[in-house]
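# Need coordinates for the following:
(one chain, ligands or ions: 4)
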Amino acid sequence: AKEEGRNRFCTFEPQFYAQFESELENLTSLREGLSKDQFTVHFQPRINARTEKIETLEALVRWQHPRRGLVLPSEFIPLCEKSGLIVELGAKVLRQALKFLQQMKKAGHQSRISVNVSQRQLQEPDFHAFVRAELEKHGCCGSELELELTETLVVDSGEIIRNNLTEVRALGVTIAIDDFGTGYSNFARLSEMAVDYIKIDRSLVMGLPANAGLIQAIIAMCKVMKAAIVAEGIETREIADQMIELGAEELQGYYFGRPVAPEEILTRLEKDGNG
Ligand code: C2E
Ligand code: CA
Ligand code: CA
Ligand code: CA
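Ligands and ions are numbered 1, 2, ... in the order given. Model (predicted):
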C-alpha cells in the first residue's frame with residue numbers, strides 16, 4: 001500500500017512542482033517589477049461617433065520588462081488578480097492615468113480617462129476614498145474619470161462593491177460595463193444598477209455584418225438601461241459605419257488608433273486640435 005501511494009503521488013508531483021515553481025518565479029518578478037516601477041500605461045482613444053473626435057482615453061497597462069521587452073496584460077493580469085497584487089498595480093495605473101490627464105489639461109486639451117478595474121480592487125472597503133484622494137491630488141473632477149468593470153462584477157457584487165460604486169458615482173465618476181455580450185446577461189439585475197456606458201465586446205463587433213440583428217437587439221436593451229453604447233474592436237471603416245448605423249455613440253479600435261504611449265497621444269491631440 002505504501003508503494004502504491006508513492007507511485008500515485010509521483011505521477012502527479014512533477015507537473016505540480018513545475019507549475020508551482022514557475023508561478024512563484026513569475027510572482028517574484030512581478031513584485032520586483034512593481035517595486036522598480038516597470039509598469040507603464042498606454043492610452044487608446046475612444047471616438048465620438050458624430051464628431052469623430054477623441055472623447056475618452058482608455059488606460060491600458062504594459063510591463064516594460066528588462067529582458068522580455070513590452071509585455072501585454074494578458075500575460076500578467078491573471079496572476080496579479082490571483083495573488084492580490086492587482087490592488088497595488090491598479091493604484092499605480094490610476095495614478096499614472098490621472099497624472100497624464102492633468103498634463104493634458106495643462107497643455108489645453110480637454111479629455112476624459114477610463115481605467116479598467118478588477119473585482120479585488122473594488123473589494124477594498126476604502127477604494128472610493130482612494131479614488132477621491134487621487135482625483136484631488138491631481139486636480140481632476142470625478143466626471144473626468146470612468147471605471148470599466150465587467151458585467152458579472154456589477155451584477156454579482158456584494159455590499160462592499162456596491163458601496164464603492166455608489167460612493168464613486170457620487171463624485172461624478174462614470175461606470176462602464178466592459179466586454180458586454182460575452183458573459184451571461186441578467187438584464188433585470190443590470191437594469192437596477194446605475195451604468196453610464198456599455199462597451200459591446202469586440203468579438204461581437206468583429207462578427208459584423210453577419211450578426212447585425214444580434215447587436216441591434218443588444219443595443220435596444222442597453223437603451224432601456226439608459227446607457228450610452230461604445231463599440232470596441234473597430235478595425236475598418238465599414239464596421240465603423242455599420243456600428244454608427246446601429247446606434248453606437250462612441251467607437252474604439254485599431255481603425256481609430258491603437259493603444260500608444262502618452263507622448264504620442266499628446267502629439268495627436270496637437271494635430272487634431274482637440275478641445
Ligand atoms: P479590454 O479592457 O477589453 O481592452 C481592450 C483590448 O483590446 C486591449 O488589449 C486593446 O489593445 C485591444 N484592442 C483595442 N482595439 C482593438 C482592435 O481594433 N482589434 C483588436 N484585435 N484588439 C483591439 P490589451 O491592452 O492587451 O488589454 C487586454 C486586457 O487586459 C484588457 O481588455 C483588460 O481587460 C486588461 N487590462 C488592461 N489594462 C488593465 C488594467 O490597468 N487593470 C486591469 N484590471 N485590467 C487591465
Ligand atoms: Ca476595457
Ligand atoms: Ca473590452
Ligand atoms: Ca477584457
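# Now do Glu263: how many residues are near it, please.
Around Glu263 there are 9 other residues, counting by other C-beta atoms under 10 Å. Where you see a C-beta, it was placed from the backbone N, CA and C, and this is true even at glycine.
# nope, Ile215 is what I meant
23.
# Just the buried positions in stretch 238-258, please.
239-240, 242-244, 246-253, 255-257 (16 or more other C-beta atoms under 10 Å).
# Check the residues you listed one by one and keep those near ligand 3.
The subset of the buried residues of stretch 238-258 lying close to ligand 3, counting by C-beta under 5 Å from the ion, is empty.
# And the residues you listed, which is closest to His42?
Set against His42, the nearest of the buried residues of stretch 238-258 by C-beta to C-beta is Gly257 (10.7 Å).
# Could I get the average pLDDT for the lengthiest strand in the chain?
Assignment by DSSP state E gives strand 54-65 as the longest strand of the chain. Mean pLDDT, strand 54-65: 97.
# Most widely separated two among the buried residues of stretch 238-258?
Spatial extent of the buried residues of stretch 238-258 (C-beta to C-beta) is set by the pair Gly247 and Gly257 at 22.1 Å.
# Show me the beta-bridge partners of the spatially most central residue of the chain.
Geometric centre of the chain, nearest residue: Asn116, 2.7 Å, by C-alpha atoms, centre = their mean. Counting by DSSP bridges, Asn116 is bridged to Glu148.
# what's near enough to touch Ser191?
Shown in contact with Ser191 (C-beta atoms under 8 Å, 6 or more residues apart in numbering): 224-225.
# Give me the distance between it and Cys222.
10 Å (C-beta to C-beta, to the nearest Å).
# Also Glu159?
For Glu159, the distance to Cys222 - C-beta to C-beta - is 27 Å.
# Looking at those two, which is more packed in?
Ranked by neighbour count (other C-beta under 10 Å), Glu159 and Cys222 place Cys222 first, with 25 against 8.
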